[in-house]
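Peer 1: Give me the fold of what follows.
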Amino acid sequence: MGINSNRVEHCSDHACHETTLTISSTDIAMPALQVHKVCLPPQKTTLQKLRHRLSEIFFPDDPLHKFKNQTWFNKLVFGLQFFFPIFQWAPNYSFRFLRSDFISGLTIASLAIPQGISYAKLANLPPIVGLYSSFVPPLIYSLLGSSRHLAVGPVSIASLVMGTMLSEAVSYTDEPILYLQLAFTATFFAGLFQASLGLLRLGFIIDFLSKATLVGFMAGASVIVSLQQLKGLLGIVHFTSKMQIVPVLTSVFQNKHEWSWQTIVMGVSFLILLLITRNISMRKPKLFWISAACPLASVILSTILVVLFKSKLGGIHTIGHLPKGLNPPSSNLLYFHGPFVAIAIKTGIVTGILSLTEGIAVGRTFASLKNYQVDGNKEMTAIGFMNMAGSCSSCYVTTGSFSRSAVNYNAGAQTVVSNIIMAAAVLVTLLFLMPLFYYTPSVILAAIIITAVIGLIDYQAAYKLWKVDKIDFLACICSFLGVLFISVSIGLAIAVGVSVFKILLHVTRPNTVVLGNIPGTQIYQNLSRYREALRVPSFLILAVEAPFYFANATYLQERILRFVREEEERIQANNETTMKYVILDMTAVTAIDTSGIDTICELRKALQNRSLKLVLSNPVGSVMEKLHQSNILEAFGLEGLYLTVGEAVADISSSWKP
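Peer 2: Model (predicted):
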């Protein structure tokens, strides 16, 4: 090969190694071993490398493996199953499954109907839109979704974010038609964004919303949502539209003269009932049906009370008239031209990311409990198409709801048919039962929302973040405080910024440690972690635990030279054997760029000026290939490259014997 051929060669079918005489170093006994040559990876063209890299980025799960060596008919069947998962489970569907799905569907419908009305009000939309959003999207998802237990519909976080972001630009009371147009348009762009991520297999983008970020964001949003419901819980008519904690609390106490004791008594009573039933179901999961049925039972009971005691409960606000009938088309309301298109796109992308994150997380959670796989990219595509279809049928942003999915799972759902049953129950409600909601008090919707969102405050997860990772906890707190005191969108942006800063910190300031030998073995470990590990005389052994990139190259050079200086000072203070070699263990260096290669060259020269020699150990395939192509291995010579640290120490030490 011509370059350092004594130590490097191309891989072949036979083992590539050379046997050398191994002699113990002066202080640490080394067992006999072979010094192996460092193999280059198999030769590939640039096109092959690019193809492999893109395949690893976009198709890590190899979704087309079923199509290999199949007939055209089988490929057609697999294609239908790939794009429409319903074709996978439908042929094996049985009456036993239908019975379980029917019970589950009716159970989640009893929860979806009151929650749909409540969450629509949370988004500052007409309550009927919440029911519309619980009818069409579940039907679309049942055709395209891969999760068996995900219950689809409006969710609190996406509703809150949409209501907050759109209200900052347009007043839903002064311009209700324009506000509705922007809501449907934002839903369309959310679906377009989600479907694009799924089809282009770019789901890794949502991974920037770390768990720490979401814990803080959901907790902050839950507090804001709960405080906003004080308007309904206290019977206040004039209330702030702002979503920060200070304006909300100020509005509550400035409007004390509007508080209604009838509303407070009814609201607090039903809120306590809902919280008690929720606590019972959490303690005993078999009694899930109690908390699932309680919201609808509260709606029915409170409506009856208002009808029976109309004269005494006149101060309680009710929902009023809700139109009967199926979802009216809304494609003509989509807003693609005008000054508010930018806010619609921005709202769509933010709510789209949040709803995707929640939906996929919920789907994977329950899939793991039943030991089946949920394809994240298929889920993105399914959620995206159902939102695009929903925007044309008077629906706003929907996704998988954790509370409804938990009820669906505990009720024994077997397939997504439970979503179809739920949609059918909503259909019956839309066609025949809408007049019954006329006297439903608004305070009940506030109590239902508070009960639903209070479960999103996960203080145990926050405490665990504090114990395990302080930077994650910082992201969590920044998200929480940002939502509370600034705004929902800016709080989320701050948290994402802290998470990105954490990534940059790990990349630009990677971990670098000094290794020592564990006596009687060829194992080299961190001296600060393993007390039994010993320094090897005449050697400084370092390990870099990150890629060598332009972003960290200068830092690594400075840090390694500092290790060398500190080791020389330690040797001089203890009157030990002079240091001769610096071994750089590159096992964890997964990649290197030209800046990293230049840094290694400069480091070798700097050490040479100190009468020290740099030795590289175990570079991975891609790193080895770039080192070889850059022609820097010539300068390292025969004792400059080894397969392991143990072989490097043994081989170099043997050359010192007479």
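
Peer 1: which residues of the chain fall in strands?
Peer 2: Along the chain, the stretches classed as strands by DSSP state E are 8-10, 17-18, 35-36, 38-40, 152-153, 399-400, 512-517, 524-526, 539-544, 581-585, 613-617, 641-642.

Peer 1: can I get those strands in a markdown table with mean neighbour count?
Peer 2: From N, CA and C alone the C-beta is placed, and that goes for glycine too. Formatted as a markdown table, these follow (neighbours: other Cβ atoms under 10 Å):
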| stretch | mean neighbour count |
| --- | --- |
| strand 8-10 | 16 |
| strand 17-18 | 12 |
| strand 35-36 | 19 |
| strand 38-40 | 19 |
| strand 152-153 | 32 |
| strand 399-400 | 30 |
| strand 512-517 | 21 |
| strand 524-526 | 18 |
| strand 539-544 | 22 |
| strand 581-585 | 23 |
| strand 613-617 | 22 |
| strand 641-642 | 24 |
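
Peer 1: Out of these, which gets the lowest mean score?
Peer 2: Per-stretch mean pLDDT for these is lowest at strand 17-18 (a mean of 40).

Peer 1: Identify whichever of the strands of the chain lies nearest to N327.
Peer 2: Of all the strands of the chain, it is strand 152-153 that lies closest to N327, at 13.6 Å by Cβ to Cβ.

Peer 1: How many residues are close by Q229?
Peer 2: For Q229, the neighbour count with other Cβ atoms under 10 Å is 25.

Peer 1: Hmm, I450 and it touching each other?
Peer 2: Yes. Between Q229 and I450 there is a contact under Cβ atoms under 8 Å: 5.2 Å.

Peer 1: Could you check the pLDDT of the residue nearest to V129 when sequence neighbours are not counted?
Peer 2: Distance criterion Cβ to Cβ, 6 or more residues apart in numbering; nearest residue to V129, sequence neighbours excluded, is A120 at 4.7 Å. You'll see A120 listed with a pLDDT of 91.

Peer 1: so how many other residues sit close to A120?
Peer 2: 25.

Peer 1: My read is that it contacts C395, right?
Peer 2: No. With contact defined as Cβ under 8 Å, A120 does not count as touching C395 (10.1 Å).

Peer 1: Between the two, which contacts overlap?
Peer 2: With Cβ atoms under 8 Å, 6 or more residues apart in numbering applied, the overlap between the contact sets of A120 and C395 consists of 129, 133.

Peer 1: separation between the closest residue to P328 other than its chain neighbours and L322?
Peer 2: If the residues on either side of it in the chain are set aside, P328 comes closest to S394, at 5.4 Å by Cβ to Cβ, 6+ apart. S394 is 13 Å from L322, where distance means Cβ to Cβ, to the nearest Å.

Peer 1: Just name the shakiest helix or strand of the chain by mean pLDDT.
Peer 2: Here the helix or strand of the chain ranked lowest by mean pLDDT, DSSP states H and E is strand 17-18, holding a mean of 40.

Peer 1: Flag the shaky bits of the stretch 51-200 of the chain, pLDDT-wise.
Peer 2: Along the stretch 51-200 of the chain, segments meeting pLDDT under 70 span 57-65, 67.

Peer 1: repeat for the stretch 501-650 of the chain
Peer 2: 638.

Peer 1: Tell me which stretches of it form helices.
Peer 2: 553-574, 594-609, 621-629, 645-654 (DSSP state H, counting those that start in this stretch).

Peer 1: Now do stretch 379-390: everything it contacts.
Peer 2: For stretch 379-390, the surrounding residues in contact (Cβ under 8 Å, 6+ apart) are 133, 136-138, 140-141, 144-147, 152, 187-188, 190-199, 203, 352, 355-356, 359-360, 363, 395-400.

Peer 1: Which residue is the nearest non-sequential neighbour of V268?
Peer 2: Spatially, and ignoring its direct neighbours in sequence, V268 is nearest to L233 (7.4 Å; Cβ to Cβ, 6+ apart).

Peer 1: which residues touch the one you found?
Peer 2: Applying Cβ under 8 Å, 6+ apart to L233 gives the contacts 263-264, 267-268, 271, 443, 446-447, 450.
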